[in-house]
Every structure is written in structure tokens, then in C-alpha cells.
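Asks: heads up, no residue letters with this:
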């Protein structure tokens with residue numbers, strides 16, 4: 001589907017979307033409670049704002065994470 005060179009970007013979009021979906025739902029619930037307007041507040045306000053922040057940050061992190069992990073993880077042997 002996508003060439004391997006796009007793996008960090010695809011991973012960033014998937015992870016950023018998943019995390020922003022879950023976190024914006026939880027935070028919207030904590031801040032405003034669950035009522036009839038909750039789905040609208042979550043999906044039309046909180047999620048798009050969270051997605052716009054999370055996806056670029058997840059893509060950026062996915063570009064640098066392999067180098068950071070190499071420094072933090074000891075190689076066997």
C-alpha cells in the first residue's frame with residue numbers, strides 16, 4: 001500500500017489519531033460530564049483540536065524515536 005519510507009508518517013497518523021480520539025473523549029467527559037451534548041462536544045470540538053495537535057507531534061516523534069530507542073536499549077551480547 002505505502003512504500004516503507006512512509007512508515008514513520010503512517011505510524012504517526014495512526015497513533016496520533018487513536019490517542020487523540022481516546023484522550024479527547026476522556027478529557028471531555030472529565031471536564032463537562034456525560035449528557036446529550038457530549039458526543040457533539042467531543043466529536044466536533046475536542047477531537048479535531050486534539051487531532052490537529054497529536055498527529056504532527058506523533059509524526060515528529062516517530063521520526064526520532066528509533067534513534068532515541070537505540071540509545072536507551074542495551075543490545076544483547
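Replies: Happy to help now that I have it. What you see is a predicted model; the values in this text were computed from it and never measured.
Asks: Buried residues, the helix or strand bottoming out on mean pLDDT in the chain. List them.
Replies: Least confident helix or strand of the chain, by mean pLDDT, DSSP states H and E, is helix 47-72 with a mean of 93. The neighbour-count check on helix 47-72 (16 or more other Cβ atoms under 10 Å) flags 47, 50-51, 54-55, 58-59, 62 as buried. Using the backbone N, CA and C atoms, a C-beta is placed for each residue, glycine as well.
Asks: so what does it touch, helix or strand wise?
Replies: Where contact means 3 or more Cβ pairs under 8 Å, 6 or more residues apart in numbering; DSSP states H and E, helix 47-72 is packed against helix 7-32.
Asks: Distance-wise, check the residue nearest the centre of the chain relative to residue 75.
Replies: The centre of the chain sits closest to residue 16, judged by Cα atoms, centre = their mean, with a distance of 1.9 Å. To residue 75, residue 16 is 29 Å away according to Cβ to Cβ, to the nearest Å.
Asks: can you check residue 61 too?
Replies: 22 Å.
Asks: Residue 35 - how many residues pack around it?
Replies: Residues lying near residue 35 (other Cβ atoms under 10 Å) number 8.
Asks: ok, now the one 4 residues further on?
Replies: The tally of other residues near residue 39 (other Cβ under 10 Å) stands at 12.
Asks: Residue 73 too?
Replies: 8.
Asks: Then residue 8?
Replies: Neighbours of residue 8 using other Cβ under 10 Å come to 18.
Asks: contacting residues for the closest residue to residue 51 other than its chain neighbours?
Replies: Leaving aside its sequence neighbours, residue 51 sits nearest to residue 20 (Cβ to Cβ, 6 or more residues apart in numbering; 4.5 Å). Going by Cβ atoms under 8 Å, 6 or more residues apart in numbering, residue 20 touches 47, 50-51, 53-55.
Asks: again, only using 10 Å
Replies: 46-55, 57-58 (Cβ atoms under 10 Å, 6 or more residues apart in numbering).
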